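Asks: got a structure for you, letters missing:
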DNA sequence: TATGTATTTAACCAATCAGTTATTTAACCG
DNA sequence: CGGTTAAATAACTGATTGGTTAAATACATA
């Protein structure tokens, strides 16, 4: 149990760095549900799941309420948005890379000399912003 | 026990879950550079930086080449894109949430509430799907 | 060949992680 | 009250992490 000296973003990425926790989030994206319900798909004990939930909660990725004996969990997307905002800074890097790939493919196809049936139809003009537009 | 070869996405998130490594990536986003250059801003030893680089390399976030004694590091954005693609699935969640917040604020402001004790009304129906406009 | 420079590897350490079983708390029901 | 259900906590364990210092490697140059 850590009293976080670590920053929020690190805690978020840390929480996402585990397939079980990502699966839990995937389930919670469909809607609020109980701990035992969340635990069902996994072969691990309840305390193990409980710990994963604590990690997610600590990262601000989920919140819990109370419904009789149950403690339903709810996904909190704001923390995910933080991660997305961080990635935003780097988006141009892979978009640029994809652009280059596209340029390459365009070049290759333009040069393609001996394709028997199809006439080399030019590729659609590449748009400068690929992927998600800003 | 989840031993052995963790998946790529976990490795990526794991690598991003450390401020030092994120700072290294931020530096590399500006361009390829040497290990000692990367190490300069940090108060840790060279081996420590070397280990961080190994983590980044293992996650596919950087590659290294050779230039005399130096091993210049280069950022590889493809792995970041994988993380972005994973987040993509959840984007609607926080966009929806922001919609609701926006609607809520709008409601509150429209009412120009005079008595503080009135409990906030339930959220009004929203009609437009907003967020990143396409 | 020897020497300096850039970086990695080895060996070690404390803290954290991801899991376990056993126990405890909390809320409901008859 | 006692019993059941849902979940959290305690205590333990082995593996991993993030750092250290000291030694080894790889390359360039004199």
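Replies: Yes, it's here. Note that the structure is a prediction, hence the values are computed from the model and not measured. Numbering: from 1, shown residues only, chains lettered A, B, ... in the order given.

Asks: can you pull the buried residues of the helix or strand hosting residue A:20?
Replies: Here residue A:20, judged by DSSP states H and E, is contained in helix A:19-29. Going by neighbour count (16 or more other C-beta atoms under 10 Å in any protein chain shown), the buried part of helix A:19-29 is A:20-22, A:24-25, A:27-28. Bear in mind the C-beta positions are built from the backbone N, C-alpha and C, glycine included.

Asks: Return the member of those nearest to residue A:95.
Replies: Of all the buried residues of helix A:19-29, residue A:22 has the smallest distance to residue A:95: 24.5 Å, by C-beta to C-beta.

Asks: so how far is residue A:62 from the closest one?
Replies: 12 Å (C-beta to C-beta, to the nearest Å).

Asks: and residue A:54, how many neighbours?
Replies: 14 (other C-beta atoms under 10 Å in any protein chain shown).

Asks: quick revisit: between the buried residues of helix A:19-29, which sits nearest residue B:91?
Replies: For the buried residues of helix A:19-29, the nearest to residue B:91 is residue A:25 (13.1 Å; C-beta to C-beta).

Asks: Contacts only, for the closest residue to that closest one other than its chain neighbours.
Replies: The spatial neighbour of residue A:25 that comes closest, neighbours along the chain excluded (C-beta to C-beta, 6 or more residues apart in numbering or on different chains), is residue A:75 at 6.0 Å. Taking C-beta atoms under 8 Å, 6 or more residues apart in numbering or on different chains as the criterion, residue A:75 is in contact with A:25, A:28-29, A:61-62, B:90, B:93.

Asks: cool, residue A:31 as well?
Replies: Contacts of residue A:31 by C-beta under 8 Å, 6+ apart: none found.

Asks: Quick check: it is in a strand.
Replies: No: Residue A:31 is assigned coil when assessed by DSSP: H, G, I helix; E, B strand; the rest coil, not a strand.

Asks: got the contact list for the nearest residue to residue A:7 once chain neighbours are set aside?
Replies: Nearest residue to residue A:7, sequence neighbours excluded (C-beta to C-beta, 6+ apart): residue B:19, at 6.3 Å. When contacts are counted by C-beta under 8 Å, 6+ apart, residue B:19 is found next to A:7, A:9-10.
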